[in-house]
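> using only what follows, build the 3D model:
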Amino acid sequence: MIGIVDYNAGNITSVERALKSLGIEYIRSKNPADLKDCEKLIFPGVGDAAYAMVQLKETGFDVFLKNWAAENKPMLGICLGSQIIFDWSEEGATDCLGLVNGRIQHFYTIDSSLKTSQLKVPHMGWNNLDRQNGECPILKDVPETADFYFVHSYVICPADSSVIKATADYGIKVPAVIQKGNLFACQFHPEKSGKFGLKILENFCQL
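Just a heads-up that it's a prediction; the model follows:
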């Protein structure tokens, strides 16, 4: 059974719709106790890092997710959920979950020249991925020409670059797929990225 973490900051409906289309059984809950017996977790998210962390603390999901990761159980973070698994976010100067070492920084903090470029921030649209650091199981049978849908203003900056499994080119190299053990994360929205996004979700659910 797949558990979907519902902490009032997630893009839940589209994730549910994607899993239904794949015929994958899941449970969605705002209560960590309901998800404790799941085999895998999907941790979606849209919006503000500071608000999301408040919601996680109020629901107890902060401790639940830390314990889940400590046991190396499979988890997939999506969009905001791919960011707040790290230590700290520049968005609201927010202390995050610390499941992976690193920081989240605004595009303009990383490269101020982007302010005067033709590239708009938020980064919104379709990009393909450049693979790196070996194979990643959630990218199995996903062609390197496949495009995925991004919407974000902040960028993952891991302390250890070896966790980056794919990047997207948007003025800078944007870490787009992360893997640390059984913890995976996609900066883009696989649930909104057509058949190859669905393939990523299917790969994760079949780990």
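
> remind me, longest strand of this structure?
Longest strand in the chain, counting residues (DSSP state E): strand 172-180.

> neighbouring strands for that one, and are they parallel or not?
strand 164-170 (antiparallel), strand 183-186 (antiparallel) (DSSP bridges).

> what comes up buried for that strand?
172, 174-180 (16 or more other C-beta atoms under 10 Å). (Glycine included, C-beta is placed from N, CA and C.)

> you'd agree residue 24 is up against residue 202?
Yes. The criterion here is C-beta atoms under 8 Å, and residue 24 meets it with residue 202 at 7.5 Å.

> more crowded one of those two?
Neighbours were counted for residue 24 and for residue 202 using other C-beta atoms under 10 Å; residue 202 has more, 20 against 16.

> and the closest residue to that one other than its chain neighbours, how far from residue 166?
Of all residues not flanking residue 202 in the chain, residue 22 sits nearest, at 5.4 Å (C-beta to C-beta, 6 or more residues apart in numbering). According to C-beta to C-beta, to the nearest Å, residue 22 stands 21 Å off from residue 166.

> show me which of these two is the more surrounded one.
Applying other C-beta under 10 Å to residue 22 and residue 166 shows that residue 166 carries more neighbours, namely 25 against 15.

> thinking again about what came up before, restrict the longest strand of the chain to CA atoms and write it as CSV.
In CSV, the C-alpha atoms belonging to strand 172-180 read as follows (Å, rounded to 0.1, in the frame of the first residue of the first chain):
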residue,chain,number,x,y,z
ILE,A,172,21.9,26.9,-14.3
LYS,A,173,22.0,23.2,-13.7
VAL,A,174,18.9,22.6,-11.7
PRO,A,175,19.0,19.4,-9.6
ALA,A,176,15.8,17.6,-10.7
VAL,A,177,16.0,14.0,-9.4
ILE,A,178,17.6,13.1,-6.0
GLN,A,179,18.3,9.7,-4.5
LYS,A,180,19.8,9.0,-1.1
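
> and that strand, average pLDDT?
In this model, strand 172-180 has a mean pLDDT of 98.

> give me the residues contacting that strand.
77, 82, 85, 99-100, 107, 110-111, 114, 123, 127, 129-130, 136, 138-139, 148, 150, 155-158, 163-168, 184-188 (C-beta atoms under 8 Å, 6 or more residues apart in numbering).

> try 7 Å
82, 100, 110-111, 129, 136, 139, 155-156, 158, 163-168, 184-188 (C-beta atoms under 7 Å, 6 or more residues apart in numbering).
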